[in-house]
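Engineer: just coords:
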């Protein structure tokens with residue numbers, strides 16, 4: 001079963017006042033804008049390995065599964081209709 005992460009799970013509340021802690025890029029700290037409480041983000045020494053984007057995309061391109069999708073836009077109401085090759089009519 002696939003798990004999805006809810007947007008609220010990505011927010012960390014302040015232990016003092018409950019407000020959302022904010023991250024300042026380039027630091028290892030998250031800070032509360034209301035009470036000034038700050039916490040240090042613990043990092044693992046192994047960390048993440050950075051991938052070069054272009055070679056990765058070239059490698060993944062051969063594994064890509066895609067299909068062409070045709071869409072029709074109604075000039076009267078603005079509706080968008082997905083059209084498959086096997087459709088004989090839309091009505």
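Structural biologist: Arrived safely, thanks for sending. Because the structure is predicted, anything quoted here is derived from the model rather than measured.
Engineer: how about low-confidence regions in the chain?
Structural biologist: Per-residue confidence of the chain (counting by pLDDT under 70) places the weak regions at 1-9, 47, 62-67, 87-91.
Engineer: Show me the strands in it, by range?
Structural biologist: Secondary structure of the chain, counting by DSSP state E: strands at 21-23, 29-32, 38-40, 70-73, 80-83.
Engineer: So for residue 50, which of these sits nearest?
Structural biologist: Closest approach to residue 50 among the strands of the chain is made by strand 21-23 (19.3 Å; C-beta to C-beta). The C-beta positions use only the backbone N, C-alpha and C, and glycine is treated the same way.
Engineer: on that earlier part again, deepest-packed of the strands of the chain, please.
Structural biologist: When the strands of the chain are scored by mean count of other C-beta atoms under 10 Å, the highest mean neighbour count falls to strand 29-32 (a mean of 16).
Engineer: so how far is that strand off the chain centroid?
Structural biologist: 22 Å (C-alpha atoms, centre = their mean, to the nearest Å).
Engineer: Could you do stretch 14-29 as well?
Structural biologist: Chain-centre distance of stretch 14-29: 20 Å, with C-alpha atoms, centre = their mean.
Engineer: Among the strands of the chain, which comes closest to residue 54?
Structural biologist: Of the strands of the chain, nearest to residue 54 by C-beta to C-beta is strand 21-23, at 28.2 Å.
Engineer: what lines up beside the closest one in the sheet?
Structural biologist: Here strand 21-23 is paired, per DSSP bridges, with strand 29-32 (antiparallel).
Engineer: Which stretches in the chain count as helices?
Structural biologist: For the chain, the helices defined by DSSP state H cover 53-61.
Engineer: returning to what we had before: which one of the strands of the chain lies closest to residue 12?
Structural biologist: Residue 12 sits nearest to strand 21-23 of all these, at 4.8 Å, using C-beta to C-beta.
Engineer: Output the strands of the chain in a markdown table; the columns should cover distance to residue 49.
Structural biologist: Below are the strands of the chain laid out as a markdown table (distance: least, C-beta to C-beta, whole Å):
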| stretch | distance to residue 49 |
| --- | --- |
| strand 21-23 | 22 |
| strand 29-32 | 24 |
| strand 38-40 | 23 |
| strand 70-73 | 39 |
| strand 80-83 | 39 |
